[in-house]
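3D, please:
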Amino acid sequence: MRTAVVVIGAGQAGLAMSHHLTGRGIDHVVLDRGEVANSWRTERWDSLRLLTPNWMTRLPGHRYQGPDPDGFMTKDETISFLSGYGQSFSAPVCTQVTVEQVSARPSGFEVQTDQGTWSCDAVVAATGASSEPRLPAVAAGLPSRIEQLTALEYRNPGQLGDGEVLVVGASASGAQIADELQRAGKPVTLAVGEHVRLPRAYRGRDIHWWMDTIGQLDERYDEVDDINRARRLPSLQLVGSPERRTLDINALSAAGVGVVGKLMQIAGPKAQFSGALTNLVANADLKQNRLLDRIDEFATEQALDTELGESTRPDPTRLGAVPTELELARFESIVWATGYRPNYSWLDPAAFDRRGRVDHDGGVCSLPGLYLLGLPFLRRRKSSFIDGVGPDAADMVSHLHAHLDQRTRA
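Numbering: from 1, shown residues only. Purely as a prediction, here's the structure:
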C-alpha cells in the first residue's frame, strides 16, 4: 500500500493534521489502534470533562456550536465532537490498525502494521503524550494487599473498596480523582508534589479566557527561556464542572481530603513523604499571583476595569499539620496520578537522540520526513489542548509540504 503521508493516531491532533493535508490535496491515511478518539473512549474516567470551556473547543474548520459555550464537555460529548469532526471532511481513517514499526528507507518510510505495510514519503506521529503512565519506583515496593490503579485505569469510585485511598499526584488528574473519591464517601489522602494552582475564574471570566486574551496560550516554544522545563510543568490544578468551581488544596482540605507531601519511599510498614510541601505551595501561590498581576495590568491597560469584577485574589494555600510518615496499614488502595509519557518504541532508532528521546525542533524531527504532534508545549503553550493542535498542525503541514516538494524535485 502506498500513500504520501501516514498519520498515526486519530485523536484531535491526527484529525487536525488530516484536515490540513486534505485542504492541500495531499494523499494520506490516518491509522489508529482503536477507534477515532480512542484514548477518550478507553483511557479516561467516567466523569471527566475538558478543562477548557466549550468555546475553546476549536479545530481547523470545526468548533463547538452548542447552547453552553461557557460549559465543559463531558467525555462522551468530546468523543462525539471528535467523531463528527472526522466525518465532516471524510478523514481517511483506518481503525483497529496497530502500528508495529516505522522504518526510514531511501525511498521514504515503511510503516508496518498488523494489517499490512504502508510505504510513504512522510510520517506524522500524533499519538500524544499520554500513551502510558509514569510510575515511580516506589510503587514496586508496596505490599500486594494494596490495590494499585493508574489514572489511565481509574474509571469511578466503584472500582475501589471502602477503605482509605492514597492519591499520589495533585495536578489536574490527581486533584479531580481525590475530589471525586471524597464526594463518594471514601477517606482520601492526597500526596502533593510540584503543582500549578489557578482559580477557575477571575474577575468574572474563566481563567482560560484570560490566558487566551493576554496571549499566554499562544507563547511559542522558541520564545521561552527553558523549553524543556516548560514542557515538564504539571497540568493546571483545575476542574471543568457545571458549577465552575475552583479545585485546589484549600478546597480539597475543606472537603476533608488529607494532604501530605510528595511520596518519597516505603520504609517497612510506613510511607514516607517529603517535608518540602510548605515551600511548594508557597511557590505555587507566588506563580498564581504573578499571573493574576499580569491579568490586572492588562485589564487596566485595555480600560476593562469598569466592566470586570473585583480583583479578589484566592486565599493563600492553608496547610495544617502535615505528617511526613503514615502507616501503610491505613490504606486499602492507591491511585497513581503521577503523569504520563509518550510511547514511541515503534519509531526508527534513527529518530532518537543519545538520551533516548525523539530528536525534534518544535515537532519537526531531525530524521527528515518525520513529525510529532499533540505533545505539551510542542510549538505553543496550548499545544496539548484541542484548541492548540490546529495551529501546530498548520505549521507542521507547511514544513511537510515543502519536504514533499523537495523529494519530488530530487
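
the domain parsing of this structure - what is it?
5-131+342-409, 134-336 (automatic domain parsing).

turn these into CSV, including mean pLDDT and mean neighbour count.
No exception for glycine: its C-beta is placed from N, CA and C like everyone else's. Listed next are the domains of the chain as CSV, based on pLDDT from 0 to 100; neighbours: other C-beta atoms under 10 Å:
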stretch, mean pLDDT, mean neighbour count
domain 5-131+342-409, 96, 19
domain 134-336, 96, 17
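
and the residue nearest to residue 330 when sequence neighbours are not counted, how close does it get to residue 256?
The shortest distance from residue 330 to any non-neighbouring residue, by C-beta to C-beta, 6 or more residues apart in numbering, is to residue 164 (5.4 Å). Per C-beta to C-beta, to the nearest Å, residue 164 is found 12 Å from residue 256.

show me whatever sits in contact with both of the two.
Residues touching both residue 164 and residue 256 by C-beta atoms under 8 Å, 6 or more residues apart in numbering: residue 188.

can you give me how far stretch 51-68 is from the chain middle?
17 Å (C-alpha atoms, centre = their mean, to the nearest Å).

can you list contacts of that stretch?
Contacts for stretch 51-68 (C-beta under 8 Å, 6+ apart): 12, 15-16, 19-20, 23, 50, 69-73, 78, 81, 84-85, 88-89, 172, 206, 208-209, 212, 235-236, 238-240, 385-387, 389-390, 393-394.

what residues are up against the nearest residue to residue 213 once chain neighbours are set aside?
The shortest distance from residue 213 to any non-neighbouring residue, by C-beta to C-beta, 6+ apart, is to residue 298 (7.4 Å). The contact partners of residue 298, by C-beta under 8 Å, 6+ apart, come to 213, 214, 304.

who are the neighbours in contact with residue 211?
217, 291.

where along the stretch 151-300 of the chain do the strands fall?
Assigned by DSSP state E, counting those that start in this stretch, the stretch 151-300 of the chain shows strands spanning 164-168, 188-191, 196-197, 201-202, 205-206, 236-237, 258-260, 263-267, 270-273.

cool, and the stretch 301-410 of the chain?
325-327, 331-336, 340-341, 360-361, 364-365, 370-372.

quick one: these as JSON lines, columns for distance to residue 401 too.
JSON lines is the format used below for the strands of the stretch 301-410 of the chain (distance: least, C-beta to C-beta, whole Å):
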{"stretch": "strand 325-327", "distance to residue 401": "56"}
{"stretch": "strand 331-336", "distance to residue 401": "41"}
{"stretch": "strand 340-341", "distance to residue 401": "30"}
{"stretch": "strand 360-361", "distance to residue 401": "17"}
{"stretch": "strand 364-365", "distance to residue 401": "13"}
{"stretch": "strand 370-372", "distance to residue 401": "11"}
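
still on that earlier bit, which one, of the strands of the stretch 151-300 of the chain, ends up nearest to residue 230?
If you check each of those against residue 230 by C-beta to C-beta, strand 196-197 wins as the nearest, at 11.4 Å.

name the residues that touch the closest one?
171, 233-237, 248-249, 281, 284-285, 287-288, 314, 317.

go with 6 Å
The contact list for strand 196-197 (C-beta atoms under 6 Å, 6 or more residues apart in numbering) reads 234, 236, 237, 248, 284, 288.

bridging residues for the spatially closest residue to the last one that is not a sequence neighbour?
Residue nearest to residue 288 in three dimensions, not counting chain neighbours: residue 197, with 5.0 Å by C-beta to C-beta, 6+ apart. When bridges are assigned using DSSP bridges, the partners listed for residue 197 are residue 237.

picking that back up, check contacts around the residue nearest to residue 330.
Neighbours of residue 164 in contact, by C-beta under 6 Å, 6+ apart: 187, 330, 331.

how about the contacts made by the last one?
When contacts are counted by C-beta under 6 Å, 6+ apart, residue 331 is found next to 146, 164, 166.

for it, give the beta-bridge partners.
residue 164.

how much space separates it from residue 259?
Applying C-beta to C-beta to residue 331 and residue 259 gives a distance of 15 Å.

ok, now the first one?
To residue 259, residue 187 is 13 Å away according to C-beta to C-beta.

residue 382 - nearest residue in space that isn't next to it in sequence?
Per C-beta to C-beta, 6+ apart, closest to residue 382 is residue 388, 3.4 Å.

what's the answer for residue 224, then?
residue 230 (5.1 Å).

my guess is the one you found meets residue 223, correct?
No. With contacts defined as C-beta atoms under 6 Å, residue 230 does not count as touching residue 223, sitting 10.1 Å away.

confirm residue 124 sits in a strand?
Yes. Judged by DSSP: H, G, I helix; E, B strand; the rest coil, residue 124 forms part of a strand.

what about it, distance to residue 112?
For residue 124, the distance to residue 112 - C-beta to C-beta - is 17 Å.
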